[in-house]
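> here you go, sequence then predicted model.
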Amino acid sequence: MGFPGSRGPEGDLAGSGHGQDSGQRDSHGSSPALLRRVPCLSRAPPEWVTAESLAEDLCIRPQKARSDLSIIRKWLGQSRAGKPFLPRAQQTHQDGVPATYALDGVLCDLDLFRRLRARGQSRGAEGIADLVAALHLVSGEPFSDLRKDGWAWLLEGDRLDHIMTVAIVDVGHIVTTHALAVGDIDLADFASSVTLAASPYDEIANLDRVAVDRAMGNVDEADARMRDAVWNRSDDNYGPIQVPPRTTEVVDGKARSQDRSSRTA
């Protein structure tokens, strides 16, 4: 994932959950495990963190957290204004109140996705370009490549991984539906592919992909996906689940539409 025109570090939360630098490197290098700590600092909504809270989130010792923060500070470097992207901890000078850290000027794709989605949906048909731009930020299932036993904060409070997945499916569905309506098959293919990559088992994502495959003439693939991912899908060791009424309506509606098209052809 990359932000067009970006010159600063990036926090990748709409994909695997990594950090990307601004091209500056230091003698410490940058291990993948260490870089995954960057998005944890830039999670939305922005908030100040302490070495102790970061250590708890990542299942490491506070001393290790402080050491990693120092390495990350050097790795991120400085902005064009000469200010560090990760300033040193701000001391509170209050008994029992630890020093806090916060990123400054680090882009977070999750926040940008939310802004593009909100602006796109508020503009109606004219906002499709914003929704397409939001989908370009997605690189797979949100938070899908995280360190084992880390990121415990994802399981607490608002589940950002679930919220992000639903948001991607919603945006992808809007863009796919619009693209099919105007006959832009390439855009429909892109949007449905991104959505399915972000949420492979979501029924809406699979139904959209079925519609796109049929529009592209890939009838066998569409039928196979309909059979395996919708009708015969099972979320446990039991048999296929009963499909929701909406799914039946969507499928029946598409079948009637195809039948009318074949009669008029």
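Looks like it came in fine. Residues are numbered from 1 along each chain as shown.

> tell me where this protein has strands.
Taking DSSP state E to define them, one finds strands in the chain at 10-12, 18-20, 107-108.

> quick one: which of those strands has the weakest pLDDT on average?
If you rank the strands of the chain by mean pLDDT, strand 18-20 sits at the bottom with a mean of 48.

> where does the stretch 151-265 of the chain have low pLDDT?
151-157, 233-243, 246, 249-265 (pLDDT under 70).

> quick one: the helices in this structure, in order.
Shown for the chain, the helices assigned by DSSP state H span residues 32-35, 37-41, 51-58, 62-76, 109-122, 128-135, 160-182, 185-198, 203-215, 219-225, 245-264.

> mind checking which of these is nearest residue 141?
Residue 141 lies closest to helix 185-198 among those, at 5.7 Å (C-beta to C-beta). The way it works is simple: take the backbone N, C-alpha and C, and place the C-beta from them, glycine included.

> which residues does the closest one contact?
132, 135, 138, 140-142, 165, 168-169, 171-173, 175-176, 179-180, 202, 204-206, 208-209, 211-212, 215-216 (C-beta atoms under 8 Å, 6 or more residues apart in numbering).

> in CSV, could you pull the C-alpha coordinates for it?
C-alpha atoms of helix 185-198 as CSV (Å, rounded to 0.1, in the frame of the first residue of the first chain):
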residue,chain,number,x,y,z
ILE,A,185,-16.3,-3.8,-16.5
ASP,A,186,-12.7,-3.0,-15.6
LEU,A,187,-13.7,-0.9,-12.6
ALA,A,188,-16.2,-3.6,-11.5
ASP,A,189,-13.5,-6.2,-11.8
PHE,A,190,-11.1,-4.1,-9.7
ALA,A,191,-13.6,-3.2,-7.0
SER,A,192,-14.9,-6.7,-6.6
SER,A,193,-11.4,-8.2,-6.5
VAL,A,194,-10.3,-5.8,-3.8
THR,A,195,-13.4,-6.4,-1.7
LEU,A,196,-13.1,-10.2,-2.0
ALA,A,197,-9.4,-10.0,-1.0
ALA,A,198,-10.3,-8.0,2.1
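
> circling back to that earlier point, and the helices of the chain, which is most packed in?
helix 37-41 (a mean of 24; mean count of other C-beta atoms under 10 Å).

> right, I'll leave it there.
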